[in-house]
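**Q** following is a predicted model, sequence given first.
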Amino acid sequence: MPELLTESERNLEDTATQFAREQLLPLAGLADQRATVIEASKAAGLFAMTQPKSHGGTEAHALELTIVRDALAALNPPYMDAVFGPGPGVLANCGEPLASKYLEGVLRGTKRGAFGFTEPDSHPTIGTLEGDRLTINGRKSYVTGGGSADFVNTLVRIDGHGPAMVVVDIDTPGLSVLERFSSLDGSKHAAFEYANVTVDADHIIGKPGEGMPRAMRQIGDTRLLIAAQCVGLMRWCIDHVTQHLAGTDRSGVKRGDKEGVRLRYSDMRIEAYAARSMLYRTARIIDSGENAVNESIACKVFATETVGRVVDTAIQLVGGNALVAGHPLEELYRRVRSWRLAEGASDVIRLNLARGKLELDKGRI
Ligand SMILES: Cc1cc2nc3c(=O)[nH]c(=O)nc-3n(C[C@H](O)[C@H](O)[C@H](O)COP(=O)(O)OP(=O)(O)OC[C@H]3O[C@@H](n4cnc5c(N)ncnc54)[C@H](O)[C@@H]3O)c2cc1C
């Protein structure tokens, strides 16, 4: 629970809050400030938290990352995505030659990888391994940052071996961008076609057949990241509405004195309290080394659905001004919507949670 932090964890929370207040909030509305944020984040000791110790990072625990993400998002500052350095993702412990050719560049920020997992049912991504060459055919339909990446970590089902994550350079013959598109929050994606794309077998990360657990580890980490941002943003929304309710409406009545408004306001607080409790409990379970796949699913589904309701209620209570283009609630409404789909659609991962208990006897209440 956020109340049970150690002194050093409370200090970390203070550092993140101060960083958001002093370094990020003043940048709102300014042209691209990512380089400034990265330098400031390095100086504050936040940047390296997501990077492995073997490459000079501090490799923070799940609870520490959660504390920082929650604290940053609670002020809803710009450039939250530039605070942490690039992590290894599916390239973690990849070994050579991928470590020198790709991982080091990713961690230094000189190379960008994208994640190719989702595919159209009609065009699954299939690989054929012959000697030391792997040939890939199929499509990936929703690759965030794919249009500007140097390579795509691609989930490929290899005949006779099973799923593998494979590093495919963007300029490999046969790999083409079918479409570039933006989604509701303005983020950029690409769809790819793999037509007889051939790579060396040493581009397979780990062993053929081990792709799914590797991909799921990255997806699990990202689910907790999303949940932590949702929780912080719920806190921001509630603070925003609290201030709004302290004012008077046009008939001179204090907005927060209306019982109907108080009921809606309490619902926001009740749900945010539950989501925040769940988040910190899940982070602690992860740090204990126990399997937390089911808890991360529960946390992601609850936090993403709750933040949607909280933002929606905040807009309703603030009124039409909240929908004026450029209002932070209007922007949040668009931003939080994608999280109920990205890293697993809510209902699809609900089914995984049910399977976790009914077939595998895993998961806590
Ligand atoms: C902003 C954003 C960024 C993304 N980035 C990436 C990325 O970088 N890399 C990547 O690989 N993918 C990415 N995705 C894709 C994302 O992972 C998928 O959109 C998500 O997994 C859902 O898959 P789908 O879109 O194919 O929908 P579908 O799987 O077709 O599901 C659509 C809906 O159908 C229903 N449904 C489907 N199956 C079932 C079932 N068995 N039972 C009950 N209901 C069901 C649910 O209501 C579900 O929401 C991104 C998506 C978004 C929105």
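**A** That came through, no problem. Worth saying up front: this structure is predicted, and the values here are computed from it rather than measured.
**Q** show me the contacts for D312.
**A** The contact partners of D312, taken as Cβ atoms under 8 Å, 6 or more residues apart in numbering, are Y333. The way it works is simple: take the backbone N, C-alpha and C, and place the C-beta from them, glycine included.
**Q** check which helix or strand it maps to.
**A** Using DSSP states H and E, D312 sits within helix 293-318.
**Q** which pLDDT value belongs to R309?
**A** Per-residue confidence (pLDDT) for R309: 98.
**Q** and for it, the neighbour number?
**A** 15 (other Cβ atoms under 10 Å).
**Q** that one contacts E271, correct?
**A** Yes. Proximity of R309 to E271 meets the contact threshold set by Cβ atoms under 8 Å, at 6.5 Å.
**Q** okay, buried residues for the lengthiest helix in the chain please.
**A** As far as residue count goes, and with DSSP state H defining each element, the longest helix of the chain is helix 211-246. Neighbour-count burial for helix 211-246 flags 211, 214-216, 218-238, 240-241, 244-245 (criterion: 16 or more other Cβ atoms under 10 Å).
**Q** between it and helix 293-318, how big is the angle?
**A** 30 degrees (axes from the mean of the first three to the mean of the last three Cα atoms, to 10 degrees).
**Q** and helix 211-246 with the ligand, contact?
**A** No. Using Cβ under 6 Å from any ligand atom, helix 211-246 stays clear of the ligand, with a minimum separation of 8.4 Å.
**Q** report all helices and strands that that helix contacts.
**A** helix 62-73, strand 151-158, strand 162-169, helix 259-287, helix 293-318, helix 328-337 (3 or more Cβ pairs under 8 Å, 6 or more residues apart in numbering; DSSP states H and E).
**Q** switch the cut-off to 7 Å
**A** helix 62-73, strand 162-169, helix 259-287, helix 293-318, helix 328-337 (3 or more Cβ pairs under 7 Å, 6 or more residues apart in numbering; DSSP states H and E).
**Q** following the chain onward from the last one, which element is next?
**A** In the C-terminal direction, the helix or strand that comes right after helix 328-337 (DSSP H and E) is helix 346-358.
**Q** what's the closest of the helices and strands packed on helix 211-246 to A35?
**A** helix 62-73 (18.4 Å; Cβ to Cβ).
**Q** quick one: that closest one to chain centroid distance?
**A** Helix 62-73 sits 12 Å away from the centroid of its parent chain (Cα atoms, centre = their mean, to the nearest Å).
**Q** could you give me the average pLDDT of that helix?
**A** 98.
**Q** for stretch 157-169, same thing?
**A** Per-residue scores along stretch 157-169 average to 96.
**Q** right, is that stretch up against the ligand?
**A** No. Stretch 157-169 stays clear of the ligand (Cβ under 6 Å from any ligand atom), getting no nearer than 11.4 Å.
**Q** and that stretch, how far out from the chain middle?
**A** 24 Å.
**Q** residues in contact with it?
**A** 90, 98, 102, 124-129, 134, 136, 150-156, 175, 197, 199, 203-205, 208-212, 214-215 (Cβ atoms under 7 Å, 6 or more residues apart in numbering).
**Q** run through the residues that contact the residue lying closest to Q33 once chain neighbours are set aside.
**A** Of all residues not flanking Q33 in the chain, L27 sits nearest, at 4.5 Å (Cβ to Cβ, 6 or more residues apart in numbering). The contact partners of L27, taken as Cβ under 7 Å, 6+ apart, are Q33, P78, Y79.
**Q** equivalent analysis for M1, please.
**A** S277, Y280.
**Q** can you check A191 too?
**A** Counting by Cβ under 7 Å, 6+ apart, A191 has contacts R139, K140, S141, Y142, L178, E179.
**Q** now V307, nearest residue through space, not along the chain?
**A** Closest to V307 by Cβ to Cβ, 6+ apart is C230, at 3.9 Å.
**Q** alright, I will stop here.
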